[in-house]
Each structure stands twice: as structure tokens, then as C-alpha cells.
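A.B. asks: using only what follows, build the 3D model:
(chains A and B)
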Amino acid sequence: KNQVEQSPQSLIILEGKNCTLQCNYTVSPFSNLRWYKQDTGRGPVSLTIMTFSENTKSNGRYTATLDADTKQSSLHITASQLSDSASYICVVRLGGSQGNLIFGKGTKLSVKP
Amino acid sequence: KAGVTQTPRYLIKTRGQQVTLSCSPISGHRSVSWYQQTPGQGLQFLFEYFSETQRNKGNFPGRFSGRQFSNSRSEMNVSTLELGDSALYLCASSLGLAGESYNEQFFGPGTRLTVL
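C.D. replies: Numbering: from 1, shown residues only, chains lettered A, B, ... in the order given. Just a heads-up that it's a prediction; the model follows:
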């Protein structure tokens, strides 16, 4: 079954600290993997998109990694800010003509002062 | 450029009624996808329209339907509402098909539907 699992479900960190969010998937065939940030009450915003040949991609303080062999991805946030408080959603696209997107349930991150 | 807009933002309906939600994509975007988001299930894909044709469909019952107009605006309809249909309904637009690499999706703010 095509699934995307994220951990932890929720995380609380202090402002200025780093954190890493995990995403494991069993999607096959694989096309690409995306990380989204969703603030409360708003739609998700894309952070990164990676294909199987890319193993690291950065967007400011956000760095995503992808290991296509172990089917794992991580999102590392450096020097966290209060505005990083949000849900982070991992999404994997199926390969092939249909190309449906499979969503993880997200990690809820709270950054405290 | 204006972002993706969705109307209405909030809606309250009763069981058995039907509802129509509207989505206006970013100018020039030809793909519109619809998602249901609930606390328990997260984001779930409903369907995607591209150039007025449904290209992909998720695992939802036939009560959920949609369409896209020639100006790329899209509507989603849910008939015979059930309590479990209460959710945030998000639409997203992209230049090309949503799943293709580097076709970034831009989400709207969503419509919060409550079924009583």
C-alpha cells in the first residue's frame, strides 16, 4: 500500500534551536517528494521538491534530504524562529501517468520563546 | 499576481443538503486540484482538473464531483452531505499537472465546511 509516514506527530522546541522532521514512504513507483509548510488556518506552502536523483535541497533555513534507497526524507530547520510554528507535510508523487500525490499527516511544530 | 482564491471561506450545512465550492486559480495556471483536510486523516486528494478535463481522481465516493471552466476556474460539489464531510476543503493551482516535477502547487486558504 502506498503510504507516507511522518514523525514525530508533534514537536516543541525553543527559539533558536535546530530540529529535524522525518518522512518515510512506501510509495512505488516514486516520482518526486515535496515538503510543505502549513500555518494554522491557511493553505500549505511549498518548501522543496526533490526527484530521486537529488539528495539535498535547501530553501533558506530549511534543508531537505532524500535517500531514495531507504525511502526516507528529512527536513532540517536551522536556528528556528517563532514563525516556523506550523504543520510540515511530506508529500510523495507516484510515478507513471496517473501521478497521484500521497500525503503524510504532518508534523506539528511549535517554537517557543 | 493574485493568489488562489476560494469562496466561500466558511459554510454551515445540514445532513442531506448539497454544497458547491468555488476556486479561482492563479492567472495562467491550467491545473486545479482539490483536497479534503481533516484532523484525523490529514490532506486527502479528491481530484485534479486540467484544461477542463478531470485528469486524476482520489478514493472518494461519487457524491464528490467537480468541474473546470474554460477560464480555469473550478467548482466542487458534494451532494447528500454527511457529518463526516465536515472538513477544510483546499484547492491548489499549478501551471501544469500537479504531480509533475517542478510544477509547484499554490494553495488557496480553503473553505471550512461544517455539516450539522
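A.B. asks: quick check: residues of chain B near chain A?
C.D. replies: Residues of chain B found near chain A, taking CB under 8 Å from any CB of the partner chain as the criterion, are B:4, B:33, B:35, B:41-45, B:56, B:58, B:90, B:92, B:97-102, B:104-110. (C-beta placed from N, C-alpha, C; glycine too.)
A.B. asks: residue ranges with poor pLDDT in the chain?
C.D. replies: Picking chain A for this. Scanning chain A for pLDDT under 70 picks out A:97-99.
A.B. asks: oops, chain B please
C.D. replies: Scanning chain B with the threshold set as pLDDT under 70 gives B:1, B:99-102.
A.B. asks: the same query, at a cut-off of 80, please.
C.D. replies: B:1-2, B:97-103 (pLDDT under 80).
A.B. asks: quick check: beta-bridge partners of the spatially most central residue of it?
C.D. replies: Chain B has B:W34 as the residue nearest its centroid, 2.8 Å off, counting by CA atoms, centre = their mean. As for beta bridges, B:W34 partners with B:F47, B:C91 under DSSP bridges.
A.B. asks: is it true that it touches B:L46?
C.D. replies: Yes - the criterion here is CB atoms under 8 Å, and B:W34 meets it with B:L46 at 4.1 Å.
A.B. asks: and for those two, which residues touch both?
C.D. replies: Counting by CB atoms under 8 Å, 6 or more residues apart in numbering or on different chains, the shared contacts of B:W34 and B:L46 are B:G66, B:M76.
A.B. asks: now do the end-to-end distance for stretch A:79-93.
C.D. replies: Start to finish, the residues bounding stretch A:79-93 are 30 Å apart (CA to CA, to the nearest Å).
A.B. asks: ugh, wrong one, stretch A:56-74
C.D. replies: 10 Å.
A.B. asks: now stretch B:104-116
C.D. replies: Stretch B:104-116: ends 35 Å apart by CA to CA.
A.B. asks: gap between it and the chain center?
C.D. replies: Between the centre of stretch B:104-116 and the centre of its chain there are 7 Å (CA atoms, centre = their mean, to the nearest Å).
A.B. asks: please pick the buried ones from the residues of chain B next to chain A.
C.D. replies: B:4, B:33, B:35, B:42-45, B:56, B:58, B:90, B:92, B:97-99, B:105-110 (16 or more other CB atoms under 10 Å in any protein chain shown).
A.B. asks: which ones among the residues you listed map onto strands?
C.D. replies: In this view, those that belong to strands under DSSP state E are B:S33, B:Y35, B:G42, B:L43, B:Q44, B:F45, B:N56, B:L90, B:A92, B:F106, B:F107.
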